[in-house]
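S.K.: Whatever this is, show me its structure:
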Amino acid sequence: MFSMATMRSIWRTRRGGLPRDLVRDIALVCAADTLVGVSFGAIAVSEGLPLWLPVLLSLVVFAGAAQFMFVGIIASGGTALAAVAAGLLVNARHVPFGFTVGDALGGGRLRRLVGSHLMIDETVAFALAQRDPVRRRAAYWACGAGLFVCWNAGVALGALGGTAVSDTDAFGLDAAFPAVLLALVLPSLREAGTRRAALVGLGVALAAAPFLPAGVPVLLALAGLAVAGTGPTAPAGGGGEPPGGTDGPEAGTRAGTRGDPHGAPCDDPPGDPYDEERVP
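M.R.: Below you'll find the model as predicted:
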């Protein structure tokens, strides 16, 4: 009921309302998350988990990466403690999220509580893309409410389908776990520090897997974070130049003048700007 009331208030909040391209992007994300939710529900049930568990996880946790990791660790024989710890670590990114988009939640305890529950990667991304405060809040709530409904509907449909299909592996749904987790990680691998951390974490997990219970190597892989900030860094000014730029006659040349680093025009003929004959 609260989500429906929020959605109605969003569409009424318009001096022009949400742009069509923004509504389209939110709808596409909701459609994609619905499909991922279907695969999550189907795989969770096919792994032997009760029908109510993926549905309850989606309602209470509402965090795709944490839910996939939780079910994956449990299905591979890991302990519930390891699965919960891994999920909490994955969701630790929501702490800085809260400081970043806290203004989009609005006032009132109930509103902020519900808004915090809807705080996921997509809602934060859509909110940060808006400069106008009113549109920023509308984008956050529209994306959050839409994804909450679509994700939970998809999980419920997938869980029901998983009970009807005896072998979900025949449909290739067993590949959804690594595929979704890889898709979540790939955008971050553009940064060199993240790539170093991922490679070290992968090495630690692979080395520990034969000797430790399932789920523990995933936690040990967090050791890769220790090298995330190491490695060569570019100079502050970029391109080997000091932060203030290049001093000397070259600075004047870049500004369309010659010899004066402050950009003052100079009509002297080519040559040494500091010729002895020109010095008083």
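S.K.: Mind listing what's buried along the longest helix along the chain?
M.R.: Taking DSSP state H as the criterion, the chain has its longest helix at helix 133-164. The neighbour-count check on helix 133-164 (16 or more other C-beta atoms under 10 Å) flags 135-148, 150-156, 158-159, 161-162 as buried. C-betas here are computed from N, CA, C, even on glycine.
S.K.: Hmm, Leu57 is touching Phe70, no?
M.R.: Yes - Leu57 lies in contact with Phe70 (C-beta atoms under 8 Å); the separation is 6.8 Å.
S.K.: Which of those two has more residues huddled nearby?
M.R.: Phe70 (27 against 21; other C-beta atoms under 10 Å).
S.K.: what about the more buried one, distance to Thr34?
M.R.: In this view, Phe70 and Thr34 are 20 Å apart by C-beta to C-beta, to the nearest Å.
S.K.: ok, Thr194 - how many residues close by?
M.R.: 16.
S.K.: What of Ala205?
M.R.: 19.
S.K.: Is it in a helix, a strand, or coil?
M.R.: What DSSP: H, G, I helix; E, B strand; the rest coil gives for Ala205 is helix.
S.K.: separation between it and Phe97?
M.R.: For Ala205 relative to Phe97 (C-beta to C-beta), the value is 26 Å.
S.K.: Same check on Asp21?
M.R.: 24 Å.
S.K.: Compare these two (neighbour count), which wins?
M.R.: Taking neighbours as other C-beta under 10 Å, Asp21 and Phe97 compare with Phe97 leading, 18 against 8.
S.K.: Which residue is the nearest non-sequential neighbour of that one?
M.R.: Among residues not flanking Phe97 along the chain, Val124 sits closest, at 5.1 Å (C-beta to C-beta, 6 or more residues apart in numbering).
S.K.: now do Ala221
M.R.: Gly201 (3.6 Å).
S.K.: in the host helix or strand of that neighbour, what's buried?
M.R.: When elements are assigned from DSSP states H and E, Gly201 belongs to helix 192-208. Applying a neighbour-count criterion of 16+ other C-beta under 10 Å, one finds Thr194, Arg196, Ala197, Ala198, Val200, Gly201, Val204, Ala205, Ala208 buried in helix 192-208.
S.K.: What is it packed up against?
M.R.: Judged by 3 or more C-beta pairs under 8 Å, 6 or more residues apart in numbering; DSSP states H and E, helix 192-208 is in contact with helix 216-220.
S.K.: if you go through the chain in chain order, where are the helices?
M.R.: Under DSSP H, the chain gives helices at 2-12, 20-46, 52-60, 64-75, 80-90, 94-101, 109-117, 121-128, 133-164, 176-185, 192-208, 216-220, 249-254.
S.K.: any low-confidence regions in the stretch 101-250 of the chain?
M.R.: By pLDDT under 70, the weakly predicted segments of the stretch 101-250 of the chain are 164-185, 188, 213-215, 229-250.
S.K.: circling back to that earlier point, return the helix holding Gly201 as PDB; C-alpha atoms alone will do.
M.R.: What follows is helix 192-208, C-alpha atoms only, in PDB (Å, rounded to 0.1, in the frame of the first residue of the first chain):
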ATOM      1  CA  ALA A 192      43.200  -1.300 -12.200                       C
ATOM      2  CA  GLY A 193      42.900  -1.500  -8.400                       C
ATOM      3  CA  THR A 194      39.700  -3.500  -8.600                       C
ATOM      4  CA  ARG A 195      41.300  -5.900 -11.100                       C
ATOM      5  CA  ARG A 196      44.200  -6.500  -8.800                       C
ATOM      6  CA  ALA A 197      41.900  -7.100  -5.900                       C
ATOM      7  CA  ALA A 198      39.800  -9.500  -8.000                       C
ATOM      8  CA  LEU A 199      42.800 -11.500  -9.200                       C
ATOM      9  CA  VAL A 200      44.300 -11.800  -5.700                       C
ATOM     10  CA  GLY A 201      40.900 -12.800  -4.300                       C
ATOM     11  CA  LEU A 202      40.400 -15.400  -7.000                       C
ATOM     12  CA  GLY A 203      43.800 -16.900  -6.300                       C
ATOM     13  CA  VAL A 204      43.200 -17.100  -2.600                       C
ATOM     14  CA  ALA A 205      39.800 -18.700  -3.100                       C
ATOM     15  CA  LEU A 206      41.100 -21.300  -5.600                       C
ATOM     16  CA  ALA A 207      44.000 -22.200  -3.300                       C
ATOM     17  CA  ALA A 208      41.800 -22.600  -0.200                       C
END
